[in-house]
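*Asks:* Sequence below, structure please.
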Amino acid sequence: MKIFLDSSFFFPFIKIGVKDVSQEDLLRLINNNSFEISRSELTMFEISAKGWKYVRDEIITQDDLIDGINTISDLENIHPISFCHSPVQILAGFFRLEHQDFMDCLILASAIINSDNFITCDRDLIQKIKTKWDSEIKENNPNFRVFSWNDFIQRFC
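*Replies:* Numbers count the residues shown, from 1 in each chain. Have a look, this model is predicted:
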């Protein structure tokens with residue numbers, strides 16, 4: 001099963017917890033060989049940008065951030081996906097008409113073009129996927145499904 005993880009699932013690697021996401025479940029998912037897991041290359045930018053803010057605010061140390069970024073980069077079973085390809089950019093532009101966070105749009109478009117399952121904690125994004133963008137998504141990937149973290153874990157792990 002091909003799954004695409006939203007950026008929020010990588011924050012525990014820099015010692016920033018994510019509400020309702022247990023590290024044990026996350027590690028079990030990442031180490032489960034029955035899943036082909038991908039993430040956006042943008043994830044590294046998000047982790048870095050927000051991570052340095054946490055360093056500045058003394059929530060984590062510089063070593064926490066650098067170690068986490070290196071760990072994420074070294075995960076061989078999570079494939080980084082470029083957001084620069086034309087189909088991703090065009091689809092993200094469509095989503096941008098109704099969604100303010102363009103990074104979300106790029107990550108969602110990358111998931112649709114490169115995977116069949118997207119896991120996110122972003123309830124607003126899930127709602128828009130299910131109610132506003134269904135036909136556009138199905139046109140690009142008829143097998144695409146979106147899951148909240150808890151729904152995915154309960155169904156597949």
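*Asks:* out of everything not next to it in sequence, what's closest to the residue positioned nearest the centre of the chain?
*Replies:* The structure's the chain has its C-alpha centroid closest to residue 6; by C-alpha atoms, centre = their mean the separation is 1.1 Å. The shortest distance from residue 6 to any residue other than its chain neighbours is 3.9 Å, reached at residue 120 (C-beta to C-beta, 6 or more residues apart in numbering). To be clear about C-beta, it is placed using only N, CA and C from the backbone, and glycine gets the same treatment.
*Asks:* who's in contact with the helix or strand bottoming out on mean pLDDT in the chain?
*Replies:* Taking mean pLDDT, DSSP states H and E as the measure, helix 23-30 is the helix or strand of the chain with the lowest mean score, a mean of 90. Outside of helix 23-30, the residues that reach it under the criterion C-beta atoms under 8 Å, 6 or more residues apart in numbering are 9, 12, 35, 37, 75, 77-78, 153, 157.
*Asks:* which element is the residue nearest to residue 99 when sequence neighbours are not counted on?
*Replies:* Using C-beta to C-beta, 6+ apart and skipping residues adjacent in sequence, the residue nearest residue 99 is residue 105, 5.6 Å away. Using DSSP states H and E, residue 105 falls within helix 102-114.
*Asks:* Show me what the lengthiest helix in the chain is packed up against.
*Replies:* The helix that spans the most residues within the chain, counting by DSSP state H, is helix 42-56. Helix 42-56 makes packing contacts with helix 62-74, helix 102-114 when contacts are defined by 3 or more C-beta pairs under 8 Å, 6 or more residues apart in numbering; DSSP states H and E.
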